[in-house]
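> dropping the sequence and predicted coords here.
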Amino acid sequence: MSTEHGPLSPSTLVVTSGRPPRVQGGPVNPPVVLSSTYVSQGVVGPGELLYTRSGTETWEPFEQALAALEGAAQPGVVFGSGMATVAAVLSAVPDRGVLVVPRHAYQVSLGYADDLAVRHGVEVRRVDIADTDQVVAALDGADVVLVESPTNPMLEVADLPTLLAAAHERGVRSVVDNTFATPLGQNPLAHGADVVFHSVTKYLAGHSDVVLGAAVTNDAAIAAELRAYRTLHGSIAGPFEVWLALRGLRTLALRVERAQANATELARRLADHPAVVEVRHPSLPSDPGHDRAARQMNGFGAIIGLRPRGGVQGADGVVAALRLWVPATSLGGVESSLERRRRFPTESLTVPEDLLRLSVGVEDVEDLWADLDGALRTLL
Ligand SMILES: *Cc1c(COP(=O)(O)O)cnc(C)c1O
């Protein structure tokens, strides 16, 4: 969207996009329509509503808003979860095809890739996404590359412009999980990605009250493929969830700005803490992903990787001693939360056993620090 003054900034678009037409007496917010079917007879024209599994007006404002934020030429395609979205975007890998994945991608995305290997004979090439030469070498003969940057939970930063250009040159479809960065942090379509997707459950919805996913692309044929997949597999979102996600999106810029500022301050303090072995956050000048993130991202995200003293016991001790931070999986909510990732036997074995993934929320940073510092001091 643009005005006579030029294009609107992303922090305005989160507020303005996906609104109903401005007419006298019209609602400011889109209505939630609860109807499984629509009045129809005979041939249904393009864009006309028929049945909610194939489309409902309640999805459209969110799909338009996400496209506006990612700078996509096509409306987004919303799904029932981030994983339903992963399944849809990876359906482009043919049987016995080749899929390149980051070795530290979201563990359930990796589980899905392994399932493709078992059931469809797909060759899955796991790469260090921060090692550009290694990734480019793995692209030879590949069908699809899944990119995550920063990665979950290791916070490795990929060289997006170089990797996406290399994939494009080789005819490899690139699909980028932009959950950690959010569309305010980076827009991979602008660097040449074919598809960008989100676990909307996380920052976009932002309040830990819905599970939802969405993908966007510039390519009309890929968008049609994703919509057809959604209809065939029935991996659809409920209208209320999409409405809640749009409501959450309205404050995305405020939430992300605060959470990133909190995370940057906490990472700086943690780096000097006597009970800390290692802290990963791309804001730290010493972080291996710092220079790349500074070049290609707006901000450094609000996830911190933390290894306290005392190994697994120390890490579990910190989680148990916290009173304000919530021990829970998931991330991107207004509340700060954390977990030790290797508590899941399915987490990649190259993720350190004592790594805590912190999702920094929007609380007062001094309260967050007092709780964290107190819990860490129990290890000294
Ligand atoms: C949570 C998450 C997913 C999966 O999304 P769900 O909404 O939980 O299905 C995918 N990618 C990343 C990076 C995630 O954090």
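Alright, I've got the coordinates.
> spell out which parts of the stretch 201-350 of the chain neighbour the ligand.
T201, K202, V211, G213 (C-beta under 6 Å from any ligand atom). For every residue, glycine as well, the C-beta is placed using N, CA and C.
> so who does whichever residue of the chain sits closest to the ligand touch?
Nearest residue of the chain to the ligand (C-beta to the nearest ligand atom) works out as G82 at 2.0 Å. The contact partners of G82, by C-beta atoms under 8 Å, 6 or more residues apart in numbering, come to Y106, T179, F197, H198, S199, V200, T201, K202, V211, L212, G213.
> list the buried ones in whichever helix in the chain runs longest?
In the chain, taking DSSP state H as the definition, the longest helix is helix 252-271. By 16 or more other C-beta atoms under 10 Å, the buried positions in helix 252-271 come out as 252-253, 255-256, 258-267, 270-271.
> any idea how far that helix is from the chain center?
17 Å (C-alpha atoms, centre = their mean, to the nearest Å).
> and the next helix or strand after it, what does it pack onto?
Toward the C-terminus, helix 252-271 is succeeded by strand 276-280 as the next helix or strand (DSSP states H and E). On a contact count with 3 or more C-beta pairs under 8 Å, 6 or more residues apart in numbering; DSSP states H and E, strand 276-280 meets helix 252-271, strand 303-308.
> all strands for this structure, in order.
Ranges of strands in the chain, per DSSP state E, are 2-3, 6-7, 77-79, 98-102, 123-127, 144-148, 173-177, 195-199, 213-217, 276-280, 303-308, 326-327, 337-340, 356-359.
> mind putting the ones you listed into CSV with mean neighbour count and mean pLDDT?
Output for those, formatted as CSV (neighbours: other C-beta atoms under 10 Å; pLDDT from 0 to 100):
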stretch, mean neighbour count, mean pLDDT
strand 2-3, 8, 58
strand 6-7, 9, 80
strand 77-79, 28, 98
strand 98-102, 24, 99
strand 123-127, 18, 98
strand 144-148, 26, 98
strand 173-177, 26, 98
strand 195-199, 30, 98
strand 213-217, 29, 98
strand 276-280, 19, 98
strand 303-308, 25, 98
strand 326-327, 15, 98
strand 337-340, 22, 98
strand 356-359, 25, 98
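> among those strands, which is nearest R227?
strand 77-79 (5.6 Å; C-beta to C-beta).
> neighbouring strands - and their directions - for that closest one?
Applying DSSP bridges to the sheet, strand 77-79 is found paired with strand 213-217 (antiparallel).
> could you dump the strand it pairs with to PDB, C-alpha only?
Provided in PDB are the C-alpha atoms of strand 213-217 (Å, rounded to 0.1, in the frame of the first residue of the first chain):
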ATOM      1  CA  GLY A 213       0.800 -20.900   9.800                       C
ATOM      2  CA  ALA A 214       1.100 -19.000   6.500                       C
ATOM      3  CA  ALA A 215       3.200 -18.800   3.300                       C
ATOM      4  CA  VAL A 216       3.700 -16.100   0.800                       C
ATOM      5  CA  THR A 217       5.200 -16.000  -2.700                       C
END
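> on that earlier part again, which one of the helices and strands packed on strand 276-280 lies nearest to E366?
helix 252-271 (9.4 Å).
> if we can go back for a sec, quick one: the longest helix of the chain to strand 276-280, angle?
Helix 252-271 and strand 276-280 are oriented at 150 degrees to each other (axes from the mean of the first three to the mean of the last three C-alpha atoms, to 10 degrees).
> ok, residues contacting helix 252-271?
With C-beta under 8 Å, 6+ apart, helix 252-271 has contacts from 10-11, 14-15, 182, 184-185, 203-204, 206, 276, 279, 281, 283-284, 286, 299-304, 306, 334, 336, 358, 360-363, 365, 368-369, 372-373.
> of these, keep whichever come out buried.
10, 14-15, 182, 184-185, 203-204, 206, 276, 279, 281, 283-284, 299-304, 306, 336, 358, 360-363, 365, 368-369, 372.
> please flag which of those residues sit within helices.
Reading helices off those with DSSP H, I get P10, V14, V15, T182, L184, G185, V365, L368, W369, L372.
> which of those sits closest to A321?
L372 (9.6 Å).
> quick check, pLDDT for the closest one.
pLDDT for L372: 98.
> that one is in contact with W325, isn't it?
Yes - using C-beta atoms under 8 Å, L372 is in contact with W325, at 6.9 Å.
> contacting residues for the residue lying closest to V277 once chain neighbours are set aside?
Nearest residue to V277 in three dimensions, chain neighbours excluded: R307, at 4.4 Å (C-beta to C-beta, 6 or more residues apart in numbering). R307 makes contacts with V276, V277, E278, V279, A315, P352, D354, L355, L356, as judged by C-beta under 8 Å, 6+ apart.
> need the pLDDT of V136.
Reported pLDDT for V136: 98.
> burial count for it?
When neighbours are defined as other C-beta atoms under 10 Å, V136 has 20 of them.
> what sits against the closest residue in space to it that isn't next to it in sequence?
Spatially, and ignoring its direct neighbours in sequence, V136 is nearest to A166 (4.7 Å; C-beta to C-beta, 6+ apart). The neighbours of A166, taking C-beta under 8 Å, 6+ apart as the test, are V135, V136, L139.
> S286 now?
So S286 contacts A271 (C-beta under 8 Å, 6+ apart).
> please redo it, this time with the cut-off set to 10 Å
A271, V279 (C-beta atoms under 10 Å, 6 or more residues apart in numbering).
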